[in-house]
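Student: The following comprises the amino acid sequence and a computationally predicted model.
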Amino acid sequence: MESRLTDLEIRYAHQEATIEALHETLLLQQRSIDQLRAELTRIKQQMQEQNTGEMASAAEETPPPHY
């Protein structure tokens with residue numbers, strides 16, 4: 001009975017360490033996701049600012065020289 005209890009305690013300790021490692025990994029991944037979302041939002045805003053007013057309508061565009 002004593003050895004079974006010891007084995008269970010050892011298993012519990014390993015599982016606890018594994019769960020903690022998984023938790024740390026999850027936190028790092030969430031930080032990365034948050035940073036990527038912020039960067040994507042910033043890039044979208046930059047693209048919208050660059051495109052505002054730059055787009056000419058089809059009637060305003062001059063045809064290419066080969067026409």
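Tutor: The structure has been received and is ready for your questions.

Student: Please tell me how far the most centrally placed residue in the chain sits from Q45.
Tutor: Among the residues of the chain, the one closest to the centroid is I33, at 2.4 Å (C-alpha atoms, centre = their mean). Going from I33 to Q45 by C-beta to C-beta, to the nearest Å gives 19 Å. Bear in mind the C-beta positions are built from the backbone N, C-alpha and C, glycine included.

Student: same deal with A21?
Tutor: 37 Å.

Student: cool, T6 as well?
Tutor: Note on T6: its distance to Q45, by C-beta to C-beta, is 59 Å.

Student: next one: L36
Tutor: From L36 across to Q45, the span is 15 Å (C-beta to C-beta).

Student: Is T62 part of a helix or strand, or is it coil?
Tutor: The three-state assignment at T62 reads coil, by DSSP: H, G, I helix; E, B strand; the rest coil.

Student: Count the neighbours of it for me.
Tutor: Neighbours of T62 under the rule other C-beta atoms under 10 Å: 7.

Student: Check N51 too.
Tutor: By other C-beta under 10 Å, 9 other residues sit near N51.

Student: So which elements touch the helix or strand hosting A21?
Tutor: Using DSSP states H and E, A21 maps to helix 2-51. For helix 2-51, there is no helix or strand it packs on, judged by 3 or more C-beta pairs under 8 Å, 6 or more residues apart in numbering; DSSP states H and E.

Student: Quick one: mean pLDDT for it?
Tutor: Mean pLDDT, helix 2-51: 97.

Student: Now P65, what are its backbone angles?
Tutor: The phi/psi pair for P65 (degrees, to the nearest 10) reads phi -60, psi -20.

Student: ok, back up a step: how far does the helix holding A21 sit from the chain's center?
Tutor: With C-alpha atoms, centre = their mean, to the nearest Å as the basis, helix 2-51 stands 11 Å off its chain's centre.

Student: In contact with E2, which residues are there?
Tutor: For E2, no contacting residues are found, by C-beta atoms under 8 Å, 6 or more residues apart in numbering.

Student: separation between it and L8?
Tutor: For E2, the distance to L8 equals 11 Å [C-beta to C-beta].

Student: now do T25
Tutor: T25 sits 26 Å away from L8, going by C-beta to C-beta.
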